[in-house]
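S.K.: I need the structure of the sequence given here:
(one chain, ligands or ions: 1)
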Amino acid sequence: MNRDHVKTVKFGGSSLSDANQFKKVADIILSDENRRYVVPSAPGKRYKDDVKVTDMLYKCNALAEKDESIDVYFDGIKKRYNEIIQGLGMTEFSLEEEFETVKKNIKNKSGSDYAASRGEYLNGKILAAYLGYEFIDAADVIFFKEDGRFDEDKTNAVLKGLLKTHDKAVIPGFYGSNPDGTIRTFSRGGSDITGSIVARACDADLYENWTDVSGFLMADPRIVENPKPIEIITYRELRELSYMGATVLHEDAIFPVRTVGIPVQIKNTNDPDAPGTLIVPKTDVVDTEHVITGIAGKKNFSVITLEQDMMNSAIGFGRKVLEVFEKHGMVFEHLPSGIDTMSVVLGTGQLERCRDELVNELCRAVEPDCIYIEDNLALLAVVGRGMVGERGTAARVFNAIAKAGINLRMIDQGSSELNIIVGVNEKDLDNAMKAIYEEFVK
Ligand code: ASP
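M.R.: Next comes the predicted model:
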């Protein structure tokens, strides 16, 4: 068996929402014999106001916990799957027994993780039968530790071994098992993580992540009209962009493949010929035309500023300030500072419960001349490996913002020269993003 070329392919919920989508998925898988390991999500939305099967399962579980009847609701779930089975013409195949088991277990309060995981489990059963691939239950190969964290070592060892004996297989996404055998799920959207774990375990050449968009775009399409797609991006750039709000891939999904350098390709099930976005560990390919790779923005930040004369010579000032944040279990995003000022930028949500207490403690810790909190800050990240060594990029960012009449509240250029972060008022975020996009791309 030639194992030189192995692809792990993950399909999101919208790619498997009905029989028609299943057929597209099967065509994609069967058109390339390297697409050997398939990770499906549960059936997602078929139209805008539709309900995902995962959400239906959570709802069922909530009813069961209140000792209410789940019969009607569970029938709705069965209907979703049966429509797929019928639509695919799988006359010999039935999930009736599985449905009975799942229903019984939900009624017996097997918990919300168990209930939610059945969306992927049942979809995986259908897909495996339709493709003629083997079915591997994720509960037997994906493991969590006692404290709930993913057990990388055990998973790798078991999954690696098992995949060696399975030429082609479907492994449902989103869940695995606890040390006591009960089911645990990743956070929402977690099938991306399963795909990444499987890709790593089979030493895949490529992890294809099939969704309903043709990869990442250079900016948020809700703000910038028709932004250009990103054809190639590094893990680091992607991390910066997704952290700042660009969503396509689950944030944690990158880590398993990143450690071993497997590239990830984002592809569109509804437009399989579109190139999509290739995520790579490193690349010499630089978009010299645009310099930047992408822009992302996020609202809801606050800045706490402390001022004190001669702060630059006050030993331990920064440490004492940060200790107060640490004590409250708070994480900060940026620390812009001047000679006599130090600012801490953090998510506003963290201040909800202890705003006054925090200010009082900071006053006690460092006795600043002045301390104030400003809210409604939005951060914008301009990310690009092409910025290294390209003079004038920062100036172009600031100019574009100034020309749009927007007041810049904060500037931070990471030492990696991979990004420039600017802070603006929340109300200016959209215009700032448009202005930067126009400057570099149009
Ligand atoms: N079905 C799960 C969810 O809706 C996991 C996934 O789709 O990745 O979050």
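
S.K.: From the chain's centre, how far out is stretch 424-434? Work that out for me.
M.R.: Distance, stretch centre to chain centre, for stretch 424-434: 24 Å (Cα atoms, centre = their mean, to the nearest Å).

S.K.: what does that stretch contact?
M.R.: Outside stretch 424-434, the residues within contact range by Cβ atoms under 8 Å, 6 or more residues apart in numbering are 219-220, 223-224, 295, 297, 299-300, 376-378, 380, 401, 404, 406-409, 422. Using the backbone N, CA and C atoms, a C-beta is placed for each residue, glycine as well.

S.K.: And that stretch, what's buried?
M.R.: Val424, Asn425, Glu426, Asp428, Leu429, Asp430, Ala432, Met433, Lys434 (16 or more other Cβ atoms under 10 Å).

S.K.: Now go through these and say which are in helices.
M.R.: Using DSSP state H, Leu429, Asp430, Ala432, Met433, Lys434 are the members of the buried residues of stretch 424-434 that sit in helices.

S.K.: Tell me the pLDDT of the first one.
M.R.: Right, Leu429. Among the per-residue scores, Leu429 holds a pLDDT of 97.

S.K.: I'd like to know how far it sits from Gly349.
M.R.: Look at Leu429 and Gly349: by Cβ to Cβ, to the nearest Å, they are 17 Å apart.

S.K.: Likewise for the second one?
M.R.: Between Asp430 and Gly349 the computed distance is 21 Å (Cβ to Cβ).

S.K.: Help me confirm that Gly276 comes into contact with Gly215.
M.R.: Yes: using Cβ atoms under 8 Å, Gly276 is in contact with Gly215, at 4.0 Å.

S.K.: Common neighbours of those two, please.
M.R.: Listed as contacting both Gly276 and Gly215 by Cβ under 8 Å, 6+ apart are Pro229, Ile266, Lys267, Asn268.

S.K.: Which two of those residues have the greatest separation?
M.R.: Between any two of the shared contacts of Gly276 and Gly215, the greatest separation by Cβ to Cβ is 11.5 Å, found for Pro229 and Lys267.

S.K.: So which of those two has more stuff around it?
M.R.: Lys267 (23 against 16; other Cβ atoms under 10 Å).

S.K.: Now that one, what are its backbone angles?
M.R.: phi -130, psi 160 (degrees, to the nearest 10).

S.K.: circling back: filter the shared contacts of Gly276 and Gly215 down to the ones in strands?
M.R.: Of the shared contacts of Gly276 and Gly215, the ones assigned to strands by DSSP state E are Ile266, Lys267, Asn268.

S.K.: How about the last one: what's its closest non-neighbour residue?
M.R.: Spelled out, that is Asn268. Ser214 (4.2 Å; Cβ to Cβ, 6 or more residues apart in numbering).

S.K.: Surely that neighbour is in contact with Gly276?
M.R.: Yes: between Ser214 and Gly276 a contact is recorded at 5.6 Å, counting by Cβ under 8 Å.

S.K.: Could you export the ones in helices among the buried residues of stretch 424-434 as TSV, including distance to the ligand?
M.R.: Below are these laid out as TSV (distance: Cβ to the nearest ligand atom, whole Å):
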residue	distance to the ligand
Leu429	27
Asp430	28
Ala432	31
Met433	28
Lys434	31
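
S.K.: hang on, the earlier thing: what touches both of Pro229 and Lys267?
M.R.: Residues touching both Pro229 and Lys267 (Cβ under 8 Å, 6+ apart): Ser214, Gly215, Ala274, Gly276.

S.K.: need the residues of the stretch 51-200 of the chain near the ligand, please.
M.R.: Within the stretch 51-200 of the chain, the positions near the ligand by Cβ under 6 Å from any ligand atom are Lys52, Thr54, Gly119, Gly173, Phe174, Arg188, Gly189, Gly190, Ser191.

S.K.: Tell me how many other residues surround the fifth one.
M.R.: Meaning Phe174. 30.

S.K.: what's the pLDDT at it?
M.R.: 98.

S.K.: and it, what does it touch?
M.R.: Contact analysis of Phe174 by Cβ under 8 Å, 6+ apart lists 41-42, 54, 116-117, 119-120, 138, 185-186, 190-191, 194.

S.K.: Please enumerate the helices of the chain.
M.R.: Going by DSSP H, the chain shows helices at 19-30, 53-65, 71-87, 96-107, 112-131, 152-164, 191-201, 235-243, 254-260, 317-327, 355-366, 393-403, 429-440.

S.K.: Can you tell me the number of residues neighbouring the nearest residue to Lys52 once chain neighbours are set aside?
M.R.: The spatial neighbour of Lys52 that comes closest, neighbours along the chain excluded (Cβ to Cβ, 6+ apart), is Gly44 at 5.1 Å. Residues within reach of Gly44, counting by other Cβ under 10 Å, total 24.

S.K.: from memory Gly44 sits against Val51, does it?
M.R.: No: the pair Gly44 / Val51 is not scored as a contact, 9.6 Å apart, by Cβ under 8 Å.

S.K.: okay but Thr185 is in contact with Asp113, surely?
M.R.: Yes: using Cβ under 8 Å, Thr185 is in contact with Asp113, at 4.6 Å.

S.K.: Now the common contact residues for these two.
M.R.: Residues touching both Thr185 and Asp113 (Cβ under 8 Å, 6+ apart) are Tyr175.

S.K.: and those two? which has more neighbours close in?
M.R.: Thr185 (23 against 20).

S.K.: and that one, bridged to which residues?
M.R.: Tyr175 (DSSP bridges).
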